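Peer 1: Sequence first, then the predicted structure, then my questions.
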Amino acid sequence: MDIQFILNELYEAGVLESHMQNLTPLTGGTSSEVVVVMDGTRPRYVIKRNNPAIVKAEAEFLLTYAQIEKLSRVIYVDSLHHYLVYAFKPGFTRQYSERNKDDLLLSLATEVIAHYKSLREERKYGYSDHPFVEWRDFLLHRTKESEKIIQDVLPPENHRFIHTLVAGSPQRNIKYLLHGDFGVHNFVFAENGTLTGIIDPDPVVGEPLYDLIYAFCSSPDRLTIDTILPAVEKLSPEMTGEYELNREVLQGLYFRIATCIRHHPEDLDQYTEAWNYWLNRVR
């Protein structure tokens, strides 16, 4: 399905007006094909194409949380889930300032995660195309995949320790629809550094702490207990259960070290320093 075919469909459906002909492709880390529809000189809509399962999952997340202002507003979803259209979020995706991490996490906790909705018992954990019966099974899968990347960056006893830690995670029966890729690379900021939007969900069914810890670990600065604890305390007991924050963060940090090795190796020293800090808190 080429872009002209999509445009014709959107014109016929009344989603786009006939004068909206100019398109600007977007590039970045996303696996989707993304173009911006211009209204004169103003970006108006985003058309995003991908595998139908991915489009369907993203549309479900955005429509489920249509009331959350920071998320993209869905305009149209193709009936076969080849693409979706959402309103363009103005701002900058590379504007994160290391000075505002505490405020950023508080904003995410109170304005986004606190509004997540619990799911029916029959929904499985993990990604829609790779479900798991228990949350810890999803975490163990991520742990094994991360170990393949990390290898000798961490000593063997650290790998054994994190496997034991994850395998021993309690089953809390906390089940929410999460963003799943909740990092600073997907946050939109105003020029003054204020968070204005969150884009590109990769939805996961799981525990809300996963998204908050994902955001916390997604940049290498200020990875201390004092930075994240105030935001965690803003979440309700229904969302957190009886959690052990040190263990939860260490899991998230392990996953992030693997991502760092693949995409941001220049940050590895900071992440390994943070790893030792949290490892000492758990032991």
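Peer 2: Thanks, I have the structure now.

Peer 1: Could you check how far V232 is from K70?
Peer 2: According to Cβ to Cβ, to the nearest Å, V232 stands 19 Å off from K70. In this view, the C-beta of every residue, glycine as well, is placed from N, C-alpha and C.

Peer 1: And the two? Which one has more around it.
Peer 2: In this comparison of V232 against K70, neighbours counted by other Cβ atoms under 10 Å, the higher total goes to V232 at 22 against 18.

Peer 1: pretty sure that one is touching L212, no?
Peer 2: Yes. Counting by Cβ atoms under 8 Å, V232 does reach L212; the two are 6.5 Å apart.

Peer 1: shared neighbours, those two?
Peer 2: Shared between the contact lists of V232 and L212 (criterion: Cβ atoms under 8 Å, 6 or more residues apart in numbering) are residues A109.

Peer 1: So for the most centrally placed residue in the chain, what pLDDT did the model give?
Peer 2: Geometric centre of the chain, nearest residue: D181, 1.9 Å, by Cα atoms, centre = their mean. The confidence metric pLDDT takes the value 97 at D181.

Peer 1: wait, it sits on I198?
Peer 2: No. Counting by Cβ under 8 Å, D181 does not reach I198; the two are 9.6 Å apart.

Peer 1: ok but V34 is inside a helix, no?
Peer 2: No. The assignment for V34, made by DSSP: H, G, I helix; E, B strand; the rest coil, is strand rather than a helix.

Peer 1: all helices of the stretch 151-283 of the chain, in order?
Peer 2: With DSSP state H, counting those that start in this stretch as the definition, the stretch 151-283 of the chain shows helices at residue ranges 156-167, 209-217, 225-232, 237-240, 245-263, 268-282.

Peer 1: quick one: which of those helices is nearest E58?
Peer 2: Ranking the helices of the stretch 151-283 of the chain by distance to E58, with Cβ to Cβ as the measure, places helix 209-217 first at 15.1 Å.
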